[in-house]
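Q: Turn this into a structure:
(2 chains)
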Amino acid sequence: EAQVTQNPRYLITVTGKKLTVTCSQNMNHEYMSWYRQDPGLGLRQIYYSMNVEVTDKGDVPEGYKVSRKEKRNFPLILESPSPNQTSLYFCASSFITFGNTEAFFGQGTRLTVV
Amino acid sequence: DAKTTQPTSMDCAEGRAANLPCNHSTISGNEYVYWYRQIHSQGPQYIIHGLKNNETNEMASLIITEDRKSSTLILPHATLRDTAVYYCILRGGSSNTGKLIFGQGTTLQVKP
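A: Sure thing, here's the model as predicted:
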């Protein structure tokens, strides 16, 4: 089954404790991206990757890092989480022909930073 | 900024067709119109997309006006499970970073 898998689904952590949210897709997609969703602000793109070893900032990259060492994985790293990073996070992937290709989303990771 | 405009909310009776409009007056020639929905706080789910012709799949129909400045998503027989936020999004085009720009969407409430 074609899917994007995020882990963990729920996470509560303390300020400053490094964490990684994993994202994996099984569709051989070149393109992967991370979004965060906050009430009243909608979904905003954090980082994206066009292919292995190619990453770039989205609209709200501050406080986040990503890596793309393999095509299927695109982890989101919070080196020193702060309470303003409490949010619902989604990973998405698609082929790189953006016009005529749907993006698939993971089920989300709800992160709380206390 | 979202390049599409949608009503904030709509109601629909169960079993009736739900028609969700979207305006995208600045759409460029190679941008596709996509529809996604988000049920509660789940990941956005792809519904349908099109360029200029009308499209239909097992979930919905998409009607795009001839000038491509607006479109309508039709859920032919809405059920309670179709209650969700529906997003109309443009993708493709010259910017080509692949970003999906989610506006506020339309909250569709299907009522018994």
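
Q: Chain B contacts on chain A?
A: Taking CB under 8 Å from any CB of the partner chain as the criterion, chain A approaches chain B at residues A:4, A:31, A:33, A:35, A:37, A:42-43, A:45, A:48, A:50, A:56, A:58-59, A:88, A:90, A:92, A:94, A:96, A:98-100, A:102-108, A:110. The way it works is simple: take the backbone N, C-alpha and C, and place the C-beta from them, glycine included.

Q: For chain A, what's the nearest residue on chain B?
A: When distances are taken as CB to the nearest CB, chain B reaches nearest to chain A at B:Gly92, 2.7 Å away.

Q: and that residue, what does it touch?
A: With contacts defined as CB atoms under 8 Å, 6 or more residues apart in numbering or on different chains, the neighbours of B:Gly92 are A:98-100, B:30-32.

Q: hang on, B:Ile47 packs against B:Leu73?
A: Yes. Between B:Ile47 and B:Leu73 a contact is recorded at 6.9 Å, counting by CB atoms under 8 Å.

Q: The longest strand along chain A - which strands sit beside it in the sheet, and in what orientation?
A: With residue count as the measure and DSSP state E as the assignment, chain A has strand A:42-51 as its longest strand. Here strand A:42-51 has these sheet partners by DSSP bridges: strand A:31-38 (antiparallel), strand A:54-57 (antiparallel).

Q: what does the first one rub up against?
A: Right, strand A:31-38. Residues from elsewhere that reach strand A:31-38 (CB under 8 Å, 6+ apart): A:23, A:25, A:43-51, A:58, A:60, A:64, A:66, A:68, A:74, A:76, A:87-96, A:98, A:103, A:108, B:41, B:98-100, B:102.

Q: Just to check, A:Gly58 is in contact with A:Arg44?
A: Yes. Using CB under 8 Å, A:Gly58 is in contact with A:Arg44, at 7.2 Å.
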